[in-house]
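> Sequence first, then the predicted structure:
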Amino acid sequence: MQTVKYESIGYTLKANIRQYAMLIALVVIMIFFQITTGILLVPMNVTNLILQNSYVLILAIGMTLCILTGGNIDLSVGSVAAFIAAIVGTLIIEQKMDVTTAIIIGLLMGGVIGVWQGFWIAYVRIPAFIVTLAGMLMFRGLTNTILKGLTLSPFPRSFQSISSGYLPDLFPFIKGFNLTPIVFSAIFSIFLILTQLKKRRAKIKNNTGVIPPVLFLSQLLLIIVAVNLFAYALAAYRGIPIVLVILVALIAGYHFFATKTVPGRYIYAMGGNERAAQLSGVDTNRVLFFVYLNMAVLSAVAGIVFAARTDSAFPLMGSGFELDAIAACFIGGASATGGVGTVIGAIVGALVMGVLNNGMIMMGIGSDWQMTIKGFVLLMAVAFDVLSKNRAK
């Protein structure tokens, strides 16, 4: 009979302290604002949280990959998002172009911007901070040039539906209650149970340490309960937003890319030690180029989503987007020196920021104190990372 090698609960918590800490912080913040406001977790507000923070979630995914390469960041994401929104808005509203064609052109322009910035960063080796700072200024100026200081609005309904539309109810059996999210969450729960059990059995077979059964079942149960409560909130309002489908696809795709593919491993290797990665045969220039190309395309996606949400493209659009995305990554567990961080962690960090924003607005806290509190949360998150590393040494 095979002996099962269990990891201690203390070791498991210590190895994943940052992720667990942010998850616990998110739950505590949500409970606090629910008690103080009474409406944070009502179905309509849960949906609004997703809609309002969709652009941050998208940008945080790409920013995570930038940070992983060695603590690099992209300061141009807000300006690029505004620039792409201005282009798409001009094509759709002024040139009467088909929505799909305009979106494709916008995404291609995002790719061109990524090639431009990626070349200077990866092959000329100008620091990413300088290149993207220049990009922030350039594309902000180009946005103002295209819009001539004016706001473009309104977009056609088909474009607005990207951020304000919902999937049709596939099971219209209960009036006023959309069953589609419930069905999807049930399918996801079954899939999660089966995959987690399969992974656990594989680890036991290979004599790899696994977490104790109590902790394993507790984790699984908490995830399933959270997913199904979220699905219930969606079902009780209007169902699944189209932008949530986009988000889930991006999160799942990039999580798989970062953890299960060779190029994803290269990004982590470069962030851990670029010289060692080069000696191991990793083309770090190509890795860096891809990361910034990808970031620009995701900035384009975020710009399109935000324009659809606000039903407009305006000169100041995107201001502060880069700070929200960077903060989400660091709060979610990314290391300021690179090589450490996850897509899921960045999403948790973005949700922490989103819930803080939403809760403080409902409590009537002014924008000055909102900025102060968010800055303090960011500082504490990075300090936690630094102190944890120093303690480990």
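Done, it's in. No experiment lies behind these values; they were computed from the predicted model shown.

> Quick check: P263 vs I61, distance?
15 Å (CB to CB, to the nearest Å). In short, each C-beta sits where N, CA and C put it, glycine included.

> what about the two, which has more around it?
Higher neighbour count among P263 and I61: I61, with 30 against 13, using other CB atoms under 10 Å.

> Quick check: the closest residue to the more buried one other than its chain neighbours vs L142, distance?
Of all residues not flanking I61 in the chain, Y254 sits nearest, at 5.1 Å (CB to CB, 6 or more residues apart in numbering). For Y254, the distance to L142 equals 28 Å [CB to CB].

> Mind telling me what element the spatially most central residue of the chain is part of?
Geometric centre of the chain, nearest residue: L57, 3.0 Å, by CA atoms, centre = their mean. For L57, the element it lies in under DSSP states H and E is helix 43-68.

> What is the subsequent helix or strand relative to that helix?
Following helix 43-68 in sequence, per DSSP H and E, is helix 77-89.

> Report the inter-axis angle for that following helix versus helix 43-68.
120 degrees (axes from the mean of the first three to the mean of the last three CA atoms, to 10 degrees).

> What's the mean pLDDT across helix 77-89?
In this model, helix 77-89 has a mean pLDDT of 97.

> and what of stretch 100-110?
97.

> Same check on stretch 233-243?
Rounded mean pLDDT across stretch 233-243 is 94.

> List the contacts of that stretch.
Residues outside stretch 233-243 that contact it (CB atoms under 8 Å, 6 or more residues apart in numbering) are 41-44, 46-47, 50-51, 54, 161-169, 177-182, 184, 244, 305, 309.

> mind redoing it with 6 Å?
43-44, 46-47, 54, 163, 165-167, 169, 177-178, 180-182 (CB atoms under 6 Å, 6 or more residues apart in numbering).

> who has more neighbours, Y254 and L142?
Just comparing Y254 and L142: by other CB under 10 Å the higher neighbour count belongs to Y254, 22 against 16.

> How confident was the prediction at the more buried one?
96.

> Kindly report the same for L217.
89.

> And T151, by the same measure?
The model reports T151 with a pLDDT of 93.

> ok, now R18?
64.

> pLDDT of stretch 173-183, averaged?
90.

> May I see the buried residues of it?
F177, N178, L179, T180, P181, I182 (16 or more other CB atoms under 10 Å).

> and D98, how many neighbours?
Counted with other CB under 10 Å, D98 comes out at 12.

> Show the contacting residues for it.
Counting by CB under 6 Å, 6+ apart, D98 has no contacts.

> Give me the distance between it and V210.
According to CB to CB, D98 and V210 sit 53 Å apart.

> Equivalent analysis for G70, please.
Applying CB to CB to G70 and V210 gives a distance of 32 Å.

> and what of V56?
35 Å.

> Could you check which of those two has the larger neighbour count?
For V56 versus V210, neighbours defined as other CB under 10 Å are more numerous around V56 (25 against 19).

> Tell me if I'm right that that one and I326 touch.
No - using CB atoms under 6 Å, V56 is not in contact with I326; the gap is 10.4 Å.

> Tell me how far P181 lies from Y166.
10 Å.
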